[in-house]
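1. Next one to model:
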Amino acid sequence: MTDTRPTLLTGAAGILGRWLRPRLIEKYGALRSSDVVEFAPALPGEEIVVADLADAEAVDRLVNGVGRIIHFGGISFETTFDRILASNIAGTYNVFEAARRHNAGPVVYSSSNHAIGFYTRDDRLDASVTQRPDSLYGVSKAFGEDLASFFADKYGMDIACLRIGTARPDPIDPRHLSTWQSYEDLLRMIEACFAAPELGCTILYGVSNNDRSWWSNHLAPHVDYHPQDNAETFAAKLIPDGDKRDFTDPAVKYQGGPFVSDGYAPRRR
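-> So this is what the prediction gives:
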């Protein structure tokens with residue numbers, strides 16, 4: 001049975017949110033878009049709600065009456081723990097809990113490659129690997145994945161956690177040859193999640209069909225995601241004379257890139 005309730009998008013004022021909004025309306029119809037900041041005007045078929053995800057009562061009102069949820073709201077960079085705690089940790093709990101109370105979902109949650117950023121570029125990962133966050137931001141995303149697992153096991157909710165690599169129009173750094181996900185492929189992944197017969201708690205790597213990818217989604221065959229784009233198209237531009245980076249530099253050695261190197265202090269022996 002088709003769910004005719006509005007789709008909810010959090011983080012709708014962000015770069016990804018602005019790109020997704022008209023395409024989600026075209027695909028699913030009515031859209032309720034939310035962010036902590038004012039943004040306007042509303043598109044045809046869209047309701048805009050300004051809400052702080054750390055405010056549980058505001059989130060409860062936001063989720064009431066919606067069906068599918070795309071939870072992309074929160075802080076997307078490294079900052080102080082108190083800001084991460086309010087926005088990414090409490091905020092994600094509030095969204096999942098409101099979805100449980102109002103029988104909303106499935107939920108597509110924007111996790112991050114920074115939940116596993118301390119693996120090296122020589123490692124090849126699937127969804128079974130242990131989390132190794134590279135920052136407080138990455139810790140918050142690892143928490144969100146664990147929270148999704150709890151809500152799926154305890155309450156039977158369907159939540160897909162997308163470990164998004166580098167979602168942007170084009171790759172602009174050699175690291176992106178491994179991590180890039182085009183906007184179009186991100187939308188394909190969201191659509192594949194909502195089309196899956198059930199998700200439970202599914203971990204997916206948000207990445208295009210890159211020749212140099214470090215990540216595999218083979219443990220999620222129930223999500224029919226077929227990325228169409230490949231960062232290798234940009235390789236000649238990004239590394240015209242071959243890859244001459246210093247592979248001992250933590251920003252190059254580890255998959256999390258600059259999130260690892262920021263404040264990095266290796267163990268002293």
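2. What are the boundaries of the strands in the stretch 151-269 of the chain?
-> Assigned by DSSP state E, counting those that start in this stretch, the strands in the stretch 151-269 of the chain fall at 159-164, 166-167, 180-181, 201-206.
3. Serialize those strands to a markdown table and add fields for mean neighbour count.
-> Heads up, the C-betas are built off the backbone N, CA and C, glycines and all. As requested, the strands of the stretch 151-269 of the chain are exported to a markdown table (neighbours: other CB atoms under 10 Å):
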| stretch | mean neighbour count |
| --- | --- |
| strand 159-164 | 26 |
| strand 166-167 | 22 |
| strand 180-181 | 28 |
| strand 201-206 | 23 |
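4. With residue 219 as the reference, measure out to the residue nearest to residue 127 when sequence neighbours are not counted.
-> The shortest distance from residue 127 to any non-neighbouring residue, by CB to CB, 6 or more residues apart in numbering, is to residue 203 (3.8 Å). Relative to residue 219, residue 203 is positioned 8 Å away (CB to CB, to the nearest Å).
5. which stretches of the stretch 101-250 of the chain aren't confidently modelled?
-> By pLDDT under 70, the stretch 101-250 of the chain has no low-scoring segment.
6. For it, just list every one of the helices.
-> 136-155, 176-179, 183-195, 235-238, 250-253 (DSSP state H, counting those that start in this stretch).
7. Quick one: residues in contact with the last one.
-> It refers to helix 250-253. 120, 121, 175, 245, 246, 247, 257, 258, 260, 261, 264, 266 (CB atoms under 8 Å, 6 or more residues apart in numbering).
8. Pull out the buried residues from it.
-> In terms of neighbour count (16 or more other CB atoms under 10 Å), helix 250-253 has its buried residues at 250, 251, 252, 253.
9. go on, stretch 256-269?
-> Buried-residue list, stretch 256-269, by 16+ other CB under 10 Å: 256, 257, 258, 259, 260.
10. Next, name the residue at the spatial heart of the chain.
-> Residue closest to the mean C-alpha point of the chain, counted by CA atoms, centre = their mean, is residue 110 at 2.3 Å.
11. Could you report the separation of the residue nearest to that one when sequence neighbours are not counted from residue 246?
-> Closest residue to residue 110 apart from its sequence neighbours, by CB to CB, 6+ apart: residue 72 at 4.4 Å. Distance of residue 72 to residue 246, given as CB to CB: 34 Å.
12. and the two? which has more neighbours close in?
-> residue 72 (23 against 9; other CB atoms under 10 Å).
13. so who does the more buried one touch?
-> Counted by CB under 8 Å, 6+ apart, residue 72 has contacts 9, 10, 11, 12, 14, 16, 17, 20, 110.
14. Around the fifth one, how many other residues sit close by?
-> Taking other CB under 10 Å as the criterion, the count of residues near residue 14 is 19.
15. Can you verify my assumption that it contacts residue 74?
-> No. Residue 14 is beyond contact range of residue 74, at 9.5 Å (criterion: CB atoms under 8 Å).
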